[in-house]
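1. Just need the structure, nothing else, for what follows:
(one chain, ligands or ions: 1)
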Amino acid sequence: MSETPQSAGAAPAALVGIAMGSDSDWPVMEAAARALDEFAVPYEVEVLSAHRMVHEMVAYGEQAADRGIKAVIAGAGGAAHLPGMLASVTPLPVIGVPVPLKYLDGMDSLLSIVQMPAGVPVATVSIGGARNAGLLAVRVLAAYDPELRARMEEFQSSLTEQAQEKGRRLRA
Ligand code: RP5
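-> Purely as a prediction, here's the structure:
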């Protein structure tokens, strides 16, 4: 991607930040990373608890845009305040992933993330929907990157073809 600052041999600078409240969220959040991998979008992964690491979490949110991050994916479970808190300290788009925990089937996480006050948006995906969070971050970047947009359109066509093939198999 042309806007990625790179020097010979250096890893490309991250364009997406994947943050989560605990390493225990990673089994869910990993799907966001895999989606970004599919589109060769560079990303970084951070554990940033809104309750246990308040100062680090605020610093990350305040500095992300200046470091070249274009979108933040934030996942948390239970009293899931991380996505909303990051959205309050960064101008970047924040995509929230409600992580389901042992109790309440993730409804607590969903409602904690989705019910933001006016003026502080979090684009919330479904409970456990980290793959869609990754794909949404790709779309955010693709709006300004024709090559990435072409790959997203190709991916969407492949989804259509897969659905059509399933229909053909059912009818056969
Ligand atoms: C939340 O508390 C985290 O996002 C995680 O989903 C949940 C439990 O964290 P651990 O006790 O597993 O570290 O803040």
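
2. drop to CA atoms for contacts and neighbour counts, all remaining ones
-> Will do.

3. Confirm Ala19 sits in a helix?
-> No. Using DSSP: H, G, I helix; E, B strand; the rest coil, the secondary structure at Ala19 is strand, not a helix.

4. show me the contacts for it.
-> Val45, Glu46, Val47, Leu48, Val72, Ile73, Ala74, Gly75 (C-alpha atoms under 8 Å, 6 or more residues apart in numbering).

5. In PyMOL, how would I select the buried members of the residues you listed?
-> For the buried members of these, the matching PyMOL selection, counting by 16 or more other C-alpha atoms under 10 Å, is:
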select buried, resi 45+47+48+72+73+74+75
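
6. could you dump the contacts of Ala19 to CSV with pLDDT?
-> Formatted as CSV, these follow (pLDDT from 0 to 100):
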residue, pLDDT
Val45, 98
Glu46, 98
Val47, 98
Leu48, 98
Val72, 98
Ile73, 98
Ala74, 98
Gly75, 98
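
7. Could I get the buried residue list for the lowest-mean-pLDDT helix or strand in the chain?
-> The helix or strand of the chain with the poorest confidence is helix 146-171; it has a mean of 95 (mean pLDDT, DSSP states H and E). For helix 146-171, the neighbour count (16+ other C-alpha under 10 Å) marks Leu148, Arg149, Met152 as buried.

8. so where's this structure shaky on pLDDT?
-> 1-8 (pLDDT under 70).

9. most centrally placed residue in this protein?
-> Ile73 (3.0 Å; C-alpha atoms, centre = their mean).
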